[in-house]
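Colleague: this is the structure alone, sequence omitted:
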């Protein structure tokens, strides 16, 4: 596999070098380089260090592995492909994602999954192992967000104001969500066995990627959150 | 080019900081390094640094850093300084010629002390007196601008990319227990030397990434107390708010954070009784000092710093530690540039202040 050392390259040069070669690439010395692998098709990209903002934006099939933490707006508007982070993600992870999968071992910042969407067979999925900041799934329009709350030592699985403006898709939080206040436009209810079966493959994938005992993960209540109206703006703006 | 305040330019910014809890001295080279991976966050129209503990041999005196348009401005200002203070030293601030930094004004440093007799006759404490003299220079003397006026600390700023500004001011020759830095991408205004960050008043300095929606409400409130927002940039008002709440009202840093980034009423309603009463009190007494719109700021002061995000967290900010050092930056990459093995990396919540203090007696 080809290795590129990013430490002496600016983000433009680095991305040119990644695009210039065929096949899989390992990039060492990532330090804030933006837009890594943006729009990239079927390839494996391994990143060592701290990649910069908009990692994998418009991703179009590539599989990205991050050995370290990701910064803001990871997977912005990604189309297909996969991002796996052996660490945490910054704010707005999965921003406007429209397909593909994101797996984050630890935590995600504010506004994870903001305006995720789906269409026919395109259904983005984001799994966060730890906790998320406030405004999780803000304006979510589609897709699946799963937050497992592993190793968060008693803190809430999500910060304030989750699901603000959510009007599509669904969210599964591994918690009874007793302390979480959801807005009126969504319904939070205990996940049924059928719900859990529908996300089983994503949880299995998460556990196998990060070496986590799946039985332990499932041995805990899950809450499913989904918008409860086909016309969520009815109350907000105008009756139509 | 239209001057500051007459044209609107949209945009981002970069901030970073490093502080040693044990008061160890850190070279300016370190903080300059942190700004390099964040170059895209600036556009070359402003960069600056604040350094604490850099004038130990002169720590009894206020260090004034001043821009002058020309020597006649300087002569006029120096006359006023001599009437107002005992001027212990007056020297040009050493800079390095670099092609990246041009059109520099005259840049001088004065070590001064207020005349005791004047303080007695005006019945003012020393700090208030310094604030009034500096406010008077900045608001009435054309071509003169005091951009730093604390003890044993200093701000350094210019139009340029931050790493170039750092080399221009030879910051590798300074050693500080705490550094903050800013790379500017001017929001709304074109940028000039005085408008670069940090903004300083006494030992308080503010570097800011964001855009304050409440600027005019904040300005109207703070100008009732003698401050003059003369720079037409929003960060200036945060500096005065910090000075007003911390020095004049005697609030703690936590309380100040609770005023500037007040929790939502909905969040307050869910607090424990004591916290609820306090948050309600602060929001009620200082509604005009609630700062809305996106911001991440680092407030530097003698012996410490406070990092704070707006309550909606519309700007990014990351904190990390290594040994006795604490790092803050807009991006984790900036922290890793200073300390590749930084630990306990975390992103504070919106409105959650991160306060770091140097051990007593070490600064």
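Modeller: Arrived safely, thanks for sending. Source: prediction; values computed, not measured. Numbering: from 1, shown residues only, chains lettered A, B, ... in the order given.
Colleague: residues of stretch B:87-105 that come out buried?
Modeller: B:90, B:93, B:95, B:101, B:105 (16 or more other Cβ atoms under 10 Å in any protein chain shown). Placement of C-beta: from N, CA and C, glycine included.
Colleague: ok, what's across the strand from the first one?
Modeller: Put plainly, it is residue B:90. When assigned by DSSP bridges, residue B:90 has beta-bridge partners residue B:110.
Colleague: where's it relative to residue B:134, distance?
Modeller: When distance is defined by Cβ to Cβ, to the nearest Å, residue B:90 is 16 Å away from residue B:134.
Colleague: before we move on, what about the last one?
Modeller: In this structure, residue B:105 and residue B:134 are 17 Å apart, going by Cβ to Cβ.
Colleague: count the neighbours of the residue of chain A found nearest chain B for me.
Modeller: Closest contact between chain A and chain B, by Cβ to the nearest Cβ, is at residue A:32 (2.8 Å). Per other Cβ atoms under 10 Å in any protein chain shown, the neighbour tally for residue A:32 reads 26.
Colleague: likewise for residue A:170?
Modeller: If you count neighbours by other Cβ under 10 Å, residue A:170 ends up with 21.
Colleague: please name the bridge partners of the closest residue to it other than its chain neighbours.
Modeller: In space, and not counting its chain neighbours, residue A:170 is closest to residue A:226: 4.5 Å by Cβ to Cβ, 6 or more residues apart in numbering or on different chains. With DSSP bridges applied, residue A:226 shows beta-bridge pairing to residue A:187.
Colleague: thought residue A:187 was touching residue A:226, still the case?
Modeller: Yes. Counting by Cβ atoms under 8 Å, residue A:226 touches residue A:187, with 6.2 Å between them.
Colleague: more neighbours, the two?
Modeller: For residue A:226 and residue A:187, the more surrounded residue by other Cβ under 10 Å is residue A:226, and the numbers stand at 17 against 13.
Colleague: in the lengthiest helix in chain A, what's buried?
Modeller: Criterion DSSP state H: the longest helix present in chain A is helix A:193-210. Residues of helix A:193-210 classed as buried under the neighbour-count rule (16+ other Cβ under 10 Å) are A:195, A:199, A:202, A:203, A:205, A:206, A:207, A:209, A:210.
Colleague: the strands in chain A, which residues?
Modeller: A:2-5, A:25-31, A:44-50, A:60-67, A:80-85, A:101-104, A:125-128, A:141-147, A:168-173, A:186-190, A:223-227 (DSSP state E).
Colleague: quick one: is the fourth one near chain B?
Modeller: No. Taking Cβ under 8 Å from any Cβ of the partner chain as the criterion, strand A:60-67 and chain B are apart, separated by no less than 11.9 Å.
Colleague: residue A:166: what's it in contact with?
Modeller: By Cβ atoms under 8 Å, 6 or more residues apart in numbering or on different chains, the contact set of residue A:166 is A:137, A:138, A:139, A:140, A:183, A:185, A:186, A:225, A:227, A:232.
Colleague: how far away is it from residue B:233?
Modeller: Noted for residue A:166: a distance of 37 Å to residue B:233, by Cβ to Cβ.
Colleague: now residue A:150
Modeller: In this view, residue A:150 and residue B:233 are 44 Å apart by Cβ to Cβ.
Colleague: which of the two has more neighbours?
Modeller: More neighbours surround residue B:233 than the other of residue A:150 and residue B:233, with 26 against 20 (other Cβ under 10 Å).
Colleague: number of residues surrounding the spatially closest residue to that one that is not a sequence neighbour?
Modeller: Once flanking residues are discounted, residue B:233 sits nearest to residue B:195: 4.9 Å by Cβ to Cβ, 6+ apart. The number of residues packed near residue B:195 is 26, by other Cβ under 10 Å.
Colleague: so how far is chain A from residue B:195?
Modeller: Computed as Cβ to the nearest Cβ, to the nearest Å, the residue B:195 to chain A distance reads 26 Å.
Colleague: isn't that residue right up against residue B:186?
Modeller: Yes. Counting by Cβ under 8 Å, residue B:195 does reach residue B:186; the two are 7.3 Å apart.
Colleague: which residues do the two both contact?
Modeller: Counting by Cβ under 8 Å, 6+ apart, the contacts common to residue B:195 and residue B:186 are B:46, B:233.
Colleague: skip the chain neighbours and tell me the closest residue to residue B:36.
Modeller: In space, residue B:36 is closest to residue B:163, 5.7 Å off (Cβ to Cβ, 6+ apart).
Colleague: where does pLDDT dip in the chain?
Modeller: If you meant another chain, say so; for now it's chain A. For chain A, residues meeting the criterion pLDDT under 70 lie at A:229-240.
Colleague: I was after chain B.
Modeller: In chain B, residues with pLDDT under 70: B:1-11, B:187-191, B:232.
Colleague: which residue does it have closest to chain A?
Modeller: Chain A sits closest to residue B:333 of chain B, with a gap of 2.8 Å, by Cβ to the nearest Cβ.
Colleague: now do the SS call for that residue.
Modeller: Classification of residue B:333 using DSSP: H, G, I helix; E, B strand; the rest coil returns helix.
Colleague: need the max-distance pair from the contacts of residue A:166.
Modeller: A:139 and A:225 (14.0 Å; Cβ to Cβ).
Colleague: quick one, which of these two is more surrounded?
Modeller: Using other Cβ under 10 Å as the criterion, residue A:139 and residue A:225 rank with residue A:225 on top: 26 against 18.
Colleague: separation between the closest residue to the more buried one other than its chain neighbours and residue A:143?
Modeller: Counting by Cβ to Cβ, 6+ apart, residue A:225 lies nearest to residue A:171, which is 4.2 Å off, once chain neighbours are set aside. Residue A:171 sits at a distance of 9 Å from residue A:143 (criterion: Cβ to Cβ).
Colleague: out of those two, which sits in the more crowded spot?
Modeller: For residue A:171 versus residue A:143, neighbours defined as other Cβ under 10 Å are more numerous around residue A:171 (28 against 25).
Colleague: what residues are bridge-paired with the more buried one?
Modeller: Once the bridges are assigned, which here means DSSP bridges, residue A:171 pairs with residue A:145, residue A:225.
Colleague: what residues does it make contact with?
Modeller: Counting by Cβ under 8 Å, 6+ apart, residue A:171 touches A:113, A:136-137, A:140, A:144-147, A:162-163, A:224-226.
Colleague: what do you get if the cut-off is 10 Å, keeping everything else the same?
Modeller: A:113, A:116, A:126, A:132, A:136-137, A:140, A:143-147, A:158, A:162-163, A:182, A:186, A:188, A:223-227 (Cβ atoms under 10 Å, 6 or more residues apart in numbering or on different chains).
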